[in-house]
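Using only what follows, build the 3D model:
(chains A and B)
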Amino acid sequence: MTDTQNPDDNETDAAPRDFIRDRISADIESGQHAAIVTRFPPEPNGHLHIGHAKSICLNFGVADEFGGTCNLRFDDTNPAREDESYIRAIQDDVRWLGFDWGDNLFYASDNFEQLYAWAQHLIENGLAYVDDLSADEMREYRGTLTEPGRPSPHRGRTAAESLDLFARMRAGEFEDGAKVLRAKIDMASGNINLRDPVLYRILRADHPRTGDAWRIYPTYDFAHGQSDAIEGITHSLCTLEFEDHRPLYDWLIDNLPVPARPRQYEFSRLNLGHTVLSKRRLSQLVEEGHVTGWDDPRMPTVTGLRRRGVPPEAIRDFIGRLGITKSDGLVEMSYLENTIREHLNQTAPRRMGVLDPIKLVIENYPEGETEELDGLNNPTDESAGTRKIPFGRELYVERDDYMDDAPNKFRRLTIGREVRLRFAYFVTCTDVIKDAEGNVTELRCTYDPESRGGDSPDGRKVRGTIHWVSVAHAVTAEVRLYDHLFAAEEPGKERDWLEDLNPASLEVRDTCFLEPALADADGVVQFERLGYFAPDTNSAPGALLFNRTVSLRDSRPKAKG
RNA sequence: UGGGGCGUAGCCAAGUGGUAAGGCAUCGGGCUUUGAUCCCGUGAUCGCAGGUUCGAACCCUGCCGCCCCAGCCA
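Next up is the predicted model:
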């Protein structure tokens, strides 16, 4: 009973460990908290991106691991920039990622009345005052990073006067920007957030949820921590740039009669190479038409990744592998891509499709004859079974898979070389037909009828295997190939970030030929030897449209055929 | 020159005084009806310089580098 654990007693596969989880464990062990409550607090002013996914996975993940709950809370304190449409989209995204907030849906705006009362409480206690300084004046008075600020002339206003002014601000008596409510803390603090930060500003705009009830709105600093307290959040997890705000967060909690004592912990946000992860920049890309929308498959948004064909499991796995720390780095895009491949390799059915077709005619195959061959749906998963693939005398193969005078390394078609048509026959190229400009228009081949299925009874080996589609049975489709949205790994590092946009991020192949089984594909599939492809949201029978989620790894020698 | 953080191999990241986990990438090799998958192997003395200690990535001191903060954005 009093047995201690063996030092070599290997725990099961390590649940994620990081400084935040360590802290939570400690808080639970010490009895500090019986159960933990976290929250994911998006501002509804744009769509979620993969950086948010990190926060989502952390907050919901930790709640789940420790038997707590995670609230979804909209930080809707700025009606000037927020919109209802985003509220819906954000919920869809979080759900799609695989998380469930149950009944715990909140809005900071639900607390407006309470926040107002607490602001009055601060004024009554001499801890806040109404200031008439303009934004410009306030900036001047605030000082600089190295010089202390000066007190506003209104800092000494009586509580009674501030209370009156504050009420009139609420009533809509003053213009936007005419007055603000400020906390009275320390104009000389080295931490600029403590130099009498603004708690309320006049914004005579209607709010998606409270309509015209309010003419003043609390700032993030005043709304966030207090909302945490109201919801009983135990661990308020946010990104590093809020570290400077923690003293203010604590000051407010300490000076207000809040019902709980939440604590804020900060972790580093996700930075990904060859893309941008800020809502400001992402909205700009959308607004200026550099992409087709928030759900453009090139966007690092949750909705974009989804349309691209990235499974939510892959995103969660990716985030999990990165870990939670306080050091900010730049994660290689290839890391994400690799994680996506890993998941899709297990689940995506294999199919064949030719994206840059040239015709291949098998001269000794009977005219007009057709047969069906069996193709493995997934070599890594026996249970995926097989499918029938129609075969005939005329096929489409990839232009890339033929080369004149190919070097020995070239394992594909060239005159005189025998290769295997996947799941079909051995075929030997005998002649090539070209147009006036020298472009290959057709390949002539002979096949070995004995090699049906892809193996020769004489045990003869073949150097390569290529994919194909029967001309008579092919379905046509448009396929979109994507590359990094930005050519530079760190957009904006060497020049204006928009100049780093990759002009080749989208390549449209409008006449591709696919095996007939793809006519009604409804999930991500692997086009053998090419990559993973997802039917686009606009794909329709007769007008198939696929997005390349990610290519397959390619270890072929550098110089392509 | 103020305040707050960070600094372990190309990238992410364990490690918290006892002699550098793991993942990805790279490069070799094996297997292979996808040049895919899979399998095996492959690299660091821990930003730098001092100090404490029998012993330091982990403790102390001093440097250096990078990130964030001067919105009535979050």
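
Break chain A down into its structural domains.
A:35-272, A:279-347+A:477-550, A:351-467 (automatic domain parsing).

Save those as JSON lines, and put in mean neighbour count and mean pLDDT too.
Yep, even glycine has a C-beta here, placed from its N, CA and C like the rest. Formatted as JSON lines, the domains of chain A follow (neighbours: other Cβ atoms under 10 Å; pLDDT from 0 to 100):
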{"stretch": "domain A:35-272", "mean neighbour count": "18", "mean pLDDT": "98"}
{"stretch": "domain A:279-347+A:477-550", "mean neighbour count": "18", "mean pLDDT": "97"}
{"stretch": "domain A:351-467", "mean neighbour count": "16", "mean pLDDT": "96"}
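
Which secondary structure state does the residue of the stretch 251-400 of chain A found nearest RNA strand B sit in?
Here the residue of the stretch 251-400 of chain A nearest RNA strand B is A:Gly329; by Cβ to the nearest atom of the strand that distance is 1.9 Å. Counting by DSSP: H, G, I helix; E, B strand; the rest coil, the backbone at A:Gly329 sits in coil.

Ramachandran angles for it?
For A:Gly329, the backbone dihedrals (degrees, to the nearest 10) come out as phi -130, psi -170.

and the closest residue to it other than its chain neighbours, what does it touch?
Once flanking residues are discounted, A:Gly329 sits nearest to A:Asn271: 6.8 Å by Cβ to Cβ, 6 or more residues apart in numbering. Taking Cβ atoms under 8 Å, 6 or more residues apart in numbering, we find A:Asn271 in contact with A:Gly51, A:Leu277, A:Asp328, A:Gly329, A:Leu330, A:Val331.

How about the residues of the stretch 301-450 of chain A by RNA strand B?
Residues of the stretch 301-450 of chain A lying close to RNA strand B by Cβ under 7 Å from any atom of the strand are A:321-332, A:334-335, A:338, A:341-342, A:345, A:350, A:378-380, A:409-412, A:420, A:422-423.

among those, which are in strands?
Among those, DSSP state E puts A:Arg350, A:Arg420 in strands.

isn't A:Ala213 right up against A:His207?
Yes. At 7.5 Å, A:Ala213 counts as touching A:His207 under the criterion of Cβ atoms under 8 Å.

which residues does A:Ile50 contact?
A:Leu270, A:Leu272, A:Leu277, A:Pro300, A:Thr301, A:Val302, A:Leu305, A:Ile315, A:Leu336.

now A:Leu248
So A:Leu248 contacts A:Ala183, A:Ile185, A:Asn193, A:Leu194, A:Pro197, A:Asp221 (Cβ under 8 Å, 6+ apart).

ok, now with 10 Å
A:Ala183, A:Ile185, A:Ser189, A:Asn191, A:Asn193, A:Leu194, A:Pro197, A:Leu199, A:Asp221, A:Phe222, A:Gly225, A:Phe242 (Cβ atoms under 10 Å, 6 or more residues apart in numbering).

cool, A:Arg393 as well?
A:360-370, A:447, A:470-472.

can you do 8 Å?
With Cβ under 8 Å, 6+ apart, A:Arg393 has these contacts: A:Val361, A:Ile362, A:Tyr365, A:Pro366, A:Glu367, A:Gly368, A:Glu369.

Setting the sequence-adjacent residues aside, check what's closest to A:Lys388.
Here the residue nearest A:Lys388, using Cβ to Cβ, 6+ apart, is A:Glu372, at 4.2 Å.

Which other helices and strands does the strand or helix carrying that neighbour contact?
Using DSSP states H and E, the secondary-structure element containing A:Glu372 is strand A:370-376. Contacts defined by 3 or more Cβ pairs under 8 Å, 6 or more residues apart in numbering; DSSP states H and E place strand A:370-376 against strand A:386-392.

Near RNA strand B, which residues of the stretch 1-150 of chain A are found?
Residues of the stretch 1-150 of chain A lying near RNA strand B (Cβ under 7 Å from any atom of the strand): A:17-19, A:41, A:43, A:75, A:77-78, A:80-81, A:133-135, A:138-139, A:142, A:144-146.

Just the ones in helices from those, please.
A:Phe19, A:Ala135, A:Met138, A:Arg139 (DSSP state H).

Most widely separated two among these?
Distances among these were taken as Cβ to Cβ; the most separated pair is A:Phe19 and A:Ala135, at 37.9 Å.

these two touch, right, A:Asp76 and A:Tyr86?
No. Between A:Asp76 and A:Tyr86 there is no contact, the gap being 9.6 Å when judged by Cβ under 8 Å.

Would you mind listing the residues touching both of those two?
With Cβ under 8 Å, 6+ apart as the test, A:Asp76 and A:Tyr86 both reach A:Pro44.

Tell me how far A:Pro168 lies from RNA strand B.
One correction, residue A:168 is Arg, not Pro. 15 Å (Cβ to the nearest atom of the strand, to the nearest Å).

for that residue, phi and psi?
Main-chain torsions, A:Arg168, degrees, to the nearest 10: phi -70, psi -30.

which residues touch it?
By Cβ under 8 Å, 6+ apart, the neighbours of A:Arg168 are A:Phe174.

How about the one 3 residues further on?
If you count contacts by Cβ under 8 Å, 6+ apart, A:Ala171 has them with A:Arg215.

A:Thr511 should be in a strand, yeah?
Yes. The assignment for A:Thr511 (three-state DSSP) places it in a strand.

nearest spatial neighbour of it, skipping sequence neighbours?
Closest to A:Thr511 by Cβ to Cβ, 6+ apart is A:Thr476, at 6.1 Å.

what are the pairing partners of the helix or strand containing the one you found, and which direction each?
Remark: A:Thr476 resides in strand A:475-482, with elements defined by DSSP H and E. Paired neighbours of strand A:475-482 in the sheet (DSSP bridges): strand A:506-514 (antiparallel), strand A:544-551 (parallel).

The closest residue to A:Asp483 other than its chain neighbours and RNA strand B, how far apart?
In space, and not counting its chain neighbours, A:Asp483 is closest to A:Ser505: 5.1 Å by Cβ to Cβ, 6+ apart. In this view, A:Ser505 and RNA strand B are 21 Å apart by Cβ to the nearest atom of the strand.

give me phi/psi at A:Ser505?
phi -70, psi -20.

do you know how far it is from A:Gly289?
Applying Cβ to Cβ, to the nearest Å, the value for A:Ser505 to A:Gly289 is 14 Å.

next one: A:Ser55
In terms of Cβ to Cβ, A:Ser55 sits 29 Å off from A:Gly289.

swap in A:Phe546?
For A:Phe546, the distance to A:Gly289 - Cβ to Cβ - is 23 Å.

Wait, the residue nearest to A:Lys388 touches A:Phe391, no?
Yes. Between A:Glu372 and A:Phe391 there is a contact at 7.1 Å, judged by Cβ under 8 Å.

can you map out the helices along chain A?
A:19-29, A:50-65, A:84-96, A:112-124, A:135-141, A:159-170, A:220-231, A:246-255, A:279-287, A:302-308, A:312-322, A:333-347.

Centre of the chain to the third one, how far?
Centroid separation between helix A:84-96 and its chain, computed with Cα atoms, centre = their mean, to the nearest Å, is 14 Å.
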